[in-house]
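Visitor: The following comprises the amino acid sequence and a computationally predicted model.
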Amino acid sequence: MRPAGIWTAALAAVALAILTLSPAPVDAQVGNSSLSGLITYSDGQPANARVFVGFQGKYRQVATRFRGGKNVGYSIPGLLPGRYELIVSAPAGKPRRIWGVTIGSFDEKQLNIVLQRCPAGEERFYTEIGVPILDDMPFGWQGGWLQGILLTQDGLPVEGNLSFYRGPTLYLTIPAGASGLPAYFETRMLPPGTWDVMFIPSASSKLKRARLEKLVVDQNSRTVLGPLTIPPGSELDAPVVLALPERQSTPVPTVAPRPKRGESTQ
């Protein structure tokens with residue numbers, strides 16, 4: 001991961017499979033608007049990219065399209081009016097997470113996106129544009145939002161599941177590293193408060209189970225954990241208790257702050 005202070009601008013985006021990310025439609029209703037555009041690298045070459053589009057905590061995935069052997073970008077039809085989040089990734093590119101893409105009624109919005117080329121391994125870290133607000137939270141949001149990254153002692157991404165407990169009671173289980181950019185986890189489905197967390201590695205990972213105790217998820221905030229390092233071993237070994245990593249908590253505002261002069265909104 002990165003040192004303190006870089007989380008809000010270049011968070012570890014290792015799974016782009018935010019817990020709620022799934023192939024399911026953004027919403028059961030079908031809207032009359034669309035979003036489309038080209039995705040290129042910073043040198044102007046077209047990027048074979050994936051786009052996760054999120055609306056109030058629900059996501060779906062599309063990919064750039066090819067026509068006659070030419071990359072013609074992405075197209076997302078059937079959108080409802082509102083405020084959207086985009087997560088864009090491509091091989092050899094630094095992913096971008098874009099908040100506050102506003103779609104109107106009967107809107108055919110165009111948004112071209114440029115990804116910076118990056119060295120191998122750096123694809124796990126994304127650049128964040130804009131800030132999330134309360135309108136981006138799931139319907140009935142209880143005020144808790146947690147995200148972070150799981151790595152081996154060699155800095156490689158980890159796959160498995162995280163289970164959240166209050167006392168002996170299991171509340172929620174989420175995947176980590178279940179998609180294209182591994183190791184990342186995120187959930188907006190936790191109530192705020194204090195949690196015990198159990199990590200269960202995938203069977204082939206040769207890693208131990210691990211526990212976090214008394215992890216605090218703040219009210220109406222995004223709580224971001226520094227990297228969690230999972231030791232080698234077997235999932236049959238007794239779980240190890242991990243030291244609580246660096247934790248940053250940022251309140252979720254009701255409205256987005258105005259961009260600073262010269263700040264990119266794309």
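Guide: Arrived safely, thanks for sending. Residues are numbered from 1 along each chain as shown.
Visitor: what's around Leu156, how many residues?
Guide: 12 (other Cβ atoms under 10 Å). Every residue, glycine included, has its C-beta placed from N, CA and C.
Visitor: Over to Met137?
Guide: 17.
Visitor: looking at it, it is touching Lys58, isn't it?
Guide: No. When contacts are counted by Cβ atoms under 8 Å, Met137 is not listed as touching Lys58 (11.0 Å).
Visitor: between these two, what contacts are shared?
Guide: Counting by Cβ atoms under 8 Å, 6 or more residues apart in numbering, no residue touches both Met137 and Lys58.
Visitor: Strands of the stretch 51-200 of the chain, residue ranges please.
Guide: 58-63, 65-67, 70-79, 82-89, 96-103, 108-110, 113-115, 127-129, 144-152, 160-166, 169-176, 184-187, 193-201 (DSSP state E, counting those that start in this stretch).
Visitor: And the average pLDDT for the second one is what?
Guide: It stands for strand 65-67. Regarding strand 65-67, the rounded mean pLDDT is 86.
Visitor: What of the fifth one?
Guide: Per-residue confidence for strand 96-103 averages out to 93 on the pLDDT scale.
Visitor: That one pairs with which strands, and in what direction?
Guide: Applying DSSP bridges, strand 96-103 is found paired with strand 82-89 (antiparallel), strand 127-129 (parallel).
Visitor: go on, the second one?
Guide: Within its sheet, and counting by DSSP bridges, strand 65-67 is paired with strand 70-79 (antiparallel).
Visitor: List the buried residues of the strand it pairs with.
Guide: 71, 73-74, 76, 79 (16 or more other Cβ atoms under 10 Å).
Visitor: Using CSV, lay out the residues you listed together with distance to Tyr184.
Guide: Conversion of these to CSV gives the following (distance: Cβ to Cβ, whole Å):
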residue, distance to Tyr184
Asn71, 26
Gly73, 25
Tyr74, 21
Ile76, 22
Leu79, 25
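Visitor: Redo those residues as JSON lines? Include distance to Ile98 and pLDDT.
Guide: Formatted as JSON lines, the buried residues of strand 70-79 follow (distance: Cβ to Cβ, whole Å; pLDDT from 0 to 100):
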{"residue": "Asn71", "distance to Ile98": "20", "pLDDT": "86"}
{"residue": "Gly73", "distance to Ile98": "15", "pLDDT": "93"}
{"residue": "Tyr74", "distance to Ile98": "13", "pLDDT": "95"}
{"residue": "Ile76", "distance to Ile98": "13", "pLDDT": "94"}
{"residue": "Leu79", "distance to Ile98": "15", "pLDDT": "94"}
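Visitor: Nearest to Val53 among the residues you listed?
Guide: Ile76 (5.4 Å; Cβ to Cβ).
Visitor: Look up the closest residue to the closest one, ignoring the ones flanking it.
Guide: Leu35 (4.6 Å; Cβ to Cβ, 6 or more residues apart in numbering).
Visitor: which phi and psi does that neighbour have?
Guide: phi -130, psi 130 (degrees, to the nearest 10).
Visitor: what about it, how many neighbours?
Guide: 21.
Visitor: possible to save the strands of the stretch 51-200 of the chain as JSON lines with distance to Ser42?
Guide: Listed next are the strands of the stretch 51-200 of the chain as JSON lines, based on distance: least, Cβ to Cβ, whole Å:
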{"stretch": "strand 58-63", "distance to Ser42": "20"}
{"stretch": "strand 65-67", "distance to Ser42": "21"}
{"stretch": "strand 70-79", "distance to Ser42": "16"}
{"stretch": "strand 82-89", "distance to Ser42": "13"}
{"stretch": "strand 96-103", "distance to Ser42": "11"}
{"stretch": "strand 108-110", "distance to Ser42": "20"}
{"stretch": "strand 113-115", "distance to Ser42": "6"}
{"stretch": "strand 127-129", "distance to Ser42": "12"}
{"stretch": "strand 144-152", "distance to Ser42": "25"}
{"stretch": "strand 160-166", "distance to Ser42": "34"}
{"stretch": "strand 169-176", "distance to Ser42": "30"}
{"stretch": "strand 184-187", "distance to Ser42": "23"}
{"stretch": "strand 193-201", "distance to Ser42": "36"}
